[in-house]
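Trainee: have a look; sequence and predicted model below, questions after that.
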Amino acid sequence: MRKKVIYVRRSLKQNKQKTSINTQITACLEVAKNNGWVIHDIYNEGDCSARKTSIEERPLLKQLLLDCQNGTIEKIIVFKRDRFARNTEQYLEILDHLLHAGVDIIFAADNEPPIFKGPIGNFIETVLAGIAEYEGENINNRLIESRRVGMKEGKWMAGAPPKYLKLRKDKTVYIEEVEKKIFKMIFEEFINSKSLTLRKIKKEMKSRNPKLNKFKLNLEEIIPRPLFKGKLIQHLKGKTYECPRILDDIRCVDDKIWEEANRKWSDLGFQREKKEGYQPILPSKFVCGRCKKIMKKGTKFYSCTLCKEKVEIEKIEEIVLQEVIMHLQNLANTREEELRKAILLRVVAPIQKKIDDAKKQISETQLDIEKETIKYARFKKNQSVFENLMKKYQDEVKIFNDLCFSKTVLEEKIRLFNIMKLDDMDFDSLSVYQKNILLDFIKEIRLKNGHYDIVVSYGTRKEHVS
């Protein structure tokens, strides 16, 4: 007997998600009860994004599709379309899979229209999926924007707060008065200490002030942090946000004491701030010069365990990027015309011809669709012809968009050489898009016995930088 099942999923934490798992299950069970259906199973995906994750990363959805393919599922009750996916392409893939398996899809939400079938139905489903994707992007952007606003208002919006902070229900933060006095005491004792190493300073502070014996003096996390002078700084999506006003609820010392402590911290040669881990820029470009395999990325080193080859990530990437920039600057200054012709003649011109041909083909297909639409509307015939034309049109538009994107990338490569002519240009001065283009020039870096060989390419030509 084929089963009737429920599928549920939510994207965010329960206090942020309008439609919780329990609400979805209740609504789906109500639909089953009203139709006299017995539910055999509930596929509960739990907290899982349908905007960024693939089908392979969603085990319950993957299992559901497999069960449908094996013919064990008759009906799926789901709250809304966006529970399957908030990505148009992924939703259409899931829908096609379910319909080909002969599965009925029933939506539990009152305002969700049923599945549309046929050629017009395919078009409507595509539109509805696009709306769900657009809505998902808007929800994400609104959440990020609300967090940004909250940060500027002095609320903690960046996950779990540091261990020194307490969080109120309205997201404002504070340090308890007893702890404020302790932190102030730590700053003052640090300023008055005479020792020259952290270990001896901590020992001296505790001997002078026995009250500090109860606490772990983690000076590396306390002294350099602006938090203790009332500045709330948070990080979101790679950007830093600082509350524009001083927060008295977290302020333990005034500016004078904080600055004096940090001057001493700096004079003694201590690290001012805890250094964040370096994020590799070229993780898949490094190749072992002996076994020719891509080197493994560790926390600090690229390494080949087979050949025992190892190099420090941050150091080698800084050298490679600087050498590639210098190489491209030299090319831009000495062989600019040659480079332009190589890229234009060998790559850009052929793509432009393909773009023109694709555009012409799309126009012809649009005319054919208009003709078949009129015939179908009048005689209700040739449905398969209309469906084939719609599929052909979608494929042609995808090809056209891919070609346009490829041309844009290549044109940006050419424009990059103008930037390379600036003597003071460095990697950090480029935009994110330009950085990606620059990195695309680097094909591989071969490492052997501590020496490296950088291979770059442009057009159809390859060169060795070092």
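Mentor: Thanks, I have the structure now.
Trainee: buried stuff in the strand or helix carrying residue 316?
Mentor: Assigned by DSSP states H and E, residue 316 belongs to helix 313-334. The neighbour-count check on helix 313-334 (16 or more other Cβ atoms under 10 Å) flags 313, 316-317, 320-321, 323-325, 327-329, 331-332 as buried. For glycine as for every other residue, the C-beta is placed from the backbone atoms N, C-alpha and C.
Trainee: could I get these as JSON lines with distance to residue 164 and pLDDT?
Mentor: Formatted as JSON lines, the buried residues of helix 313-334 follow (distance: Cβ to Cβ, whole Å; pLDDT from 0 to 100):
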{"residue": "313", "distance to residue 164": "32", "pLDDT": "90"}
{"residue": "316", "distance to residue 164": "37", "pLDDT": "89"}
{"residue": "317", "distance to residue 164": "34", "pLDDT": "88"}
{"residue": "320", "distance to residue 164": "40", "pLDDT": "87"}
{"residue": "321", "distance to residue 164": "37", "pLDDT": "86"}
{"residue": "323", "distance to residue 164": "44", "pLDDT": "84"}
{"residue": "324", "distance to residue 164": "43", "pLDDT": "82"}
{"residue": "325", "distance to residue 164": "42", "pLDDT": "78"}
{"residue": "327", "distance to residue 164": "48", "pLDDT": "79"}
{"residue": "328", "distance to residue 164": "47", "pLDDT": "73"}
{"residue": "329", "distance to residue 164": "47", "pLDDT": "73"}
{"residue": "331", "distance to residue 164": "52", "pLDDT": "73"}
{"residue": "332", "distance to residue 164": "51", "pLDDT": "68"}
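Trainee: just put those in TSV and tack on distance to residue 101.
Mentor: As requested, the buried residues of helix 313-334 are exported to TSV (distance: Cβ to Cβ, whole Å):
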residue	distance to residue 101
313	47
316	51
317	48
320	50
321	50
323	55
324	51
325	54
327	55
328	53
329	58
331	55
332	56
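Trainee: quick one: which of those residues is nearest residue 31?
Mentor: Proximity of the buried residues of helix 313-334 to residue 31 (Cβ to Cβ) peaks at residue 313, which lies at 54.3 Å.
Trainee: list the residues that contact the closest one.
Mentor: Counting by Cβ atoms under 8 Å, 6 or more residues apart in numbering, residue 313 makes contact with 278, 280, 297, 298, 300, 301, 302.
Trainee: measure stretch 146-164 end to end?
Mentor: One end of stretch 146-164 sits 24 Å from the other (Cα to Cα, to the nearest Å).
Trainee: can you list the buried residues in the strand or helix carrying residue 24?
Mentor: Taking DSSP H and E as the criterion, residue 24 maps to helix 21-35. Neighbour-count burial for helix 21-35, counted by 16+ other Cβ under 10 Å, picks out 21, 24, 25, 27, 28, 29, 31, 32.
Trainee: next one: stretch 160-176
Mentor: 164, 165, 172, 173, 175.
Trainee: narrow these to those in strands?
Mentor: Of the buried residues of stretch 160-176, the ones assigned to strands by DSSP state E are residue 173.
Trainee: quick one: low-confidence ranges for the stretch 1-150 of the chain?
Mentor: For the stretch 1-150 of the chain, applying pLDDT under 70 flags the ranges 12-19, 50-52, 119-120, 131-140.
Trainee: pull the CA atoms of the one helix or strand residue 91 maps to into CSV?
Mentor: Of the helices and strands defined by DSSP H and E, residue 91 is found in helix 88-100. The C-alpha coordinates for helix 88-100 follow below in CSV (Å, rounded to 0.1, in the frame of the first residue of the first chain):
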residue,chain,number,x,y,z
THR,A,88,13.5,28.3,-8.2
GLU,A,89,15.7,25.8,-10.0
GLN,A,90,15.7,23.5,-7.0
TYR,A,91,11.9,23.7,-6.5
LEU,A,92,11.2,22.9,-10.2
GLU,A,93,13.6,19.9,-9.9
ILE,A,94,11.8,18.6,-6.8
LEU,A,95,8.4,19.2,-8.4
ASP,A,96,9.4,17.4,-11.6
HIS,A,97,10.7,14.4,-9.6
LEU,A,98,7.5,14.1,-7.6
LEU,A,99,5.1,14.5,-10.5
HIS,A,100,7.0,11.9,-12.6
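Trainee: residues in contact with it?
Mentor: Contacts of helix 88-100 (Cβ under 8 Å, 6+ apart): 50, 54-55, 61, 65, 68-69, 76, 81, 84-85, 105, 115, 117, 125-126, 129-130, 132-133.
Trainee: for ChimeraX, what selects the buried ones among the residues you listed?
Mentor: Remark: buried members of those, expressed as a ChimeraX selection using 16+ other Cβ under 10 Å:
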select :50,55,61,65,68,76,81,84,85,105,115,125,126,129,132,133
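Trainee: give the buried residues for stretch 201-216.
Mentor: Applying a neighbour-count criterion of 16+ other Cβ under 10 Å, one finds 201, 202, 204, 205, 206, 212 buried in stretch 201-216.
Trainee: possible to save those as CSV with pLDDT and secondary structure?
Mentor: Output for the buried residues of stretch 201-216, formatted as CSV (pLDDT from 0 to 100; DSSP: H, G, I helix; E, B strand; the rest coil):
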residue, pLDDT, secondary structure
201, 89, helix
202, 87, helix
204, 88, helix
205, 90, helix
206, 88, helix
212, 84, helix
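Trainee: any chance of those residues in a markdown table, plus distance to residue 89?
Mentor: What follows is the buried residues of stretch 201-216, written out as a markdown table (distance: Cβ to Cβ, whole Å):
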| residue | distance to residue 89 |
| --- | --- |
| 201 | 59 |
| 202 | 57 |
| 204 | 64 |
| 205 | 61 |
| 206 | 62 |
| 212 | 60 |
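Trainee: next, give me the two most distant ones among those residues.
Mentor: 201 and 212 (11.5 Å).
Trainee: with just CA atoms, put stretch 225-245 into CSV.
Mentor: Coordinates of each C-alpha in stretch 225-245 appear next as CSV, following Å, rounded to 0.1, in the frame of the first residue of the first chain:
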residue,chain,number,x,y,z
ARG,A,225,39.0,45.4,24.5
PRO,A,226,37.2,48.7,24.0
LEU,A,227,34.2,46.9,25.4
PHE,A,228,35.3,47.8,29.0
LYS,A,229,35.2,51.5,28.2
GLY,A,230,31.6,51.3,27.0
LYS,A,231,32.1,50.7,23.3
LEU,A,232,30.0,47.9,21.8
ILE,A,233,31.5,46.4,18.6
GLN,A,234,30.0,43.5,16.7
HIS,A,235,30.7,41.7,13.4
LEU,A,236,28.1,40.7,10.8
LYS,A,237,28.6,39.3,7.3
GLY,A,238,32.3,40.3,7.3
LYS,A,239,31.5,43.9,8.4
THR,A,240,32.2,45.6,11.7
TYR,A,241,29.5,47.7,13.4
GLU,A,242,30.1,50.0,16.4
CYS,A,243,27.4,51.5,18.5
PRO,A,244,27.9,55.3,18.1
ARG,A,245,27.4,56.1,21.8
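Trainee: please consider this matter closed, and thank you.
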